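Colleague: Below is the sequence, then the predicted model.
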Amino acid sequence: MIILKTILKSIVVFCLAFSNFHSFAQKDSNRLLGAYYFGAGYFTLVPENIRHDLDDMKSLGTDIICIGVTENDIGINTGNIQYIIEECHKRGLKVFVVPSRMAGITAGQPVEPPLFGYHHPNTVTLRKDRTPVVRKRHGILSSFYHPEVKEYFLDMVTKMIDTWDIDGIIWDEPKSTVPEWQDHSDLALKNNPDASFLTYMKDFAGFFSDINEEIKKQKPELQIVHFDEACRNDTVISVSATIKHLDFYGTDRKPYPTELSTHEGNRATKVLPVYGEKYLKAARKNGLKTMMLVENQRLSKEEVEWMDEAFPQILKMDVDLLIYYYYGFFNDAQEANMKSIRRHIPNFKSK
């Protein structure tokens, strides 16, 4: 009996020790979890709803709330965004802004076409045949070669930093990296007469390096994230990873295997498993932390099931900052989507 009690006591001690170790490992993790919190009732803000959402995200282990900010939000929507930021900081949550639809170059919150291009049509990107790049849903794609575009970026970001106490900035899916939309304007060809895509991408990296440098001068502790779609070619991946003054570099797209994608051609590679690895390796090569955005938005019920099955594989990837959509948008199975997120996301930091 004494021996049995001793054995049982040893088992209990071991279990408690393992439990404490597991808790410590999870708590001590350097991994960060972010949530894309887009369209959070900005213009009709309900304080109770915001507080509920933030508490819910924090309970999942979320560290960073990422909110989309368009040029219209600055001035028109200042107070509501200020409220969200204050409530985040009360809870120990950091806030990263996602400058959205800026001059048609950045993606982010898809609530309006970029107004800048309509007021500055002279900045439009030109295709090889000299036709302007004007997209049906997202309007004019301005050229990063144009000095007015750089001035606009710096002005908008400076206003964001001056207006709100933000902790970071996310450059979301720049559209200038789509090969079909390479700029062939006179400004673009001035130092690149052969229209080399490699040279073009180096100029693109220079543009964001300059913007980031100015941001760091204004607020050195600000964290800067840059990511692009998993389907981009190797030149985009390798050159974008050399952008200076970055803290995190990575990718986004659908969280399920390629063979299940309903897309064709290049779009079939818009998935995180396998294709996302290229970005993570490029980040490490350039001394950057890695990030991925799980695009759990615009998913069908079947795609939610695919995501649920693939999530364990995603959690094993070499990621320092993992971002998910809090509910997202245009989902056929909204609650099933979040049920999957709630099942898997808390395990991210226990790796």
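Modeller: Now that the structure is in, tell me what you want to look at.
Colleague: pLDDT weak spots in the stretch 201-350 of the chain?
Modeller: Within the stretch 201-350 of the chain, the ranges that satisfy pLDDT under 70 run 258-271.
Colleague: 90 instead, please
Modeller: 231, 253-276, 298-300, 328-333, 350 (pLDDT under 90).
Colleague: Please, where are all the strands along it?
Modeller: With DSSP state E, counting those that start in this stretch, the ranges of strands along the stretch 201-350 of the chain come out as 223-229, 248-253, 289-294, 321-325.
Colleague: With adjacent residues omitted, what lies nearest to Gln334?
Modeller: Tyr327 (6.3 Å; C-beta to C-beta, 6 or more residues apart in numbering). To be clear about C-beta, it is placed using only N, CA and C from the backbone, and glycine gets the same treatment.
Colleague: who's in contact with the one you found?
Modeller: Applying C-beta atoms under 8 Å, 6 or more residues apart in numbering to Tyr327 gives the contacts Gln334, Asn337, Met338.
Colleague: now what about the one helix or strand Leu54 maps to, what contacts it?
Modeller: For Leu54, the host element (DSSP states H and E) is helix 47-59. For helix 47-59, contacts defined as C-beta under 8 Å, 6+ apart pick out 35, 37, 40-41, 65, 83-84, 87-88, 91-93, 326.
Colleague: switch the cut-off to 7 Å
Modeller: Contacts with helix 47-59, where a contact means C-beta atoms under 7 Å, 6 or more residues apart in numbering, come from Ala35, Tyr37, Ala40, Gly41, Ile65, Tyr83, Ile84, Glu87, Cys88, Arg91, Leu93, Tyr326.
Colleague: repeat for stretch 99-109
Modeller: Residues outside stretch 99-109 that contact it (C-beta under 7 Å, 6+ apart) are 38-39, 68-71, 98, 112-114, 116-117, 138-142, 144, 149, 152-153, 156-157, 160, 169, 171-176.
Colleague: any low-confidence regions in the stretch 1-150 of the chain?
Modeller: Applying pLDDT under 90 to the stretch 1-150 of the chain flags the ranges 1-30, 39-45, 71-76, 109-115, 135-139.
Colleague: The contacts of Tyr327 in helices, which ones?
Modeller: Gln334, Asn337, Met338 (DSSP state H).
Colleague: For PyMOL, write a command that selects the buried ones of those residues.
Modeller: Those of the ones in helices among the contacts of Tyr327 that count as buried under 16 or more other C-beta atoms under 10 Å are selected in PyMOL with:
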select buried, resi 337+338
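Colleague: possible to save the ones in helices among the contacts of Tyr327 as a markdown table with distance to Pro257?
Modeller: Shown next, in a markdown table, are the ones in helices among the contacts of Tyr327 (distance: C-beta to C-beta, whole Å):
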| residue | distance to Pro257 |
| --- | --- |
| Gln334 | 23 |
| Asn337 | 18 |
| Met338 | 22 |
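Colleague: now, among the ones in helices among the contacts of Tyr327, which is nearest to Arg127?
Modeller: Nearest to Arg127 among those is Asn337, at 37.0 Å by C-beta to C-beta.
Colleague: picking that back up, nearest approach to Glu277 belongs to which of the strands of the stretch 201-350 of the chain?
Modeller: Of all the strands of the stretch 201-350 of the chain, strand 248-253 sits nearest to Glu277, with 9.2 Å by C-beta to C-beta.
Colleague: thinking again about what came up before, which one of the contacts of helix 47-59 sits closest to Ala241?
Modeller: When the contacts of helix 47-59 are ranked by distance to Ala241 (C-beta to C-beta), Ala35 comes first, at 24.7 Å.
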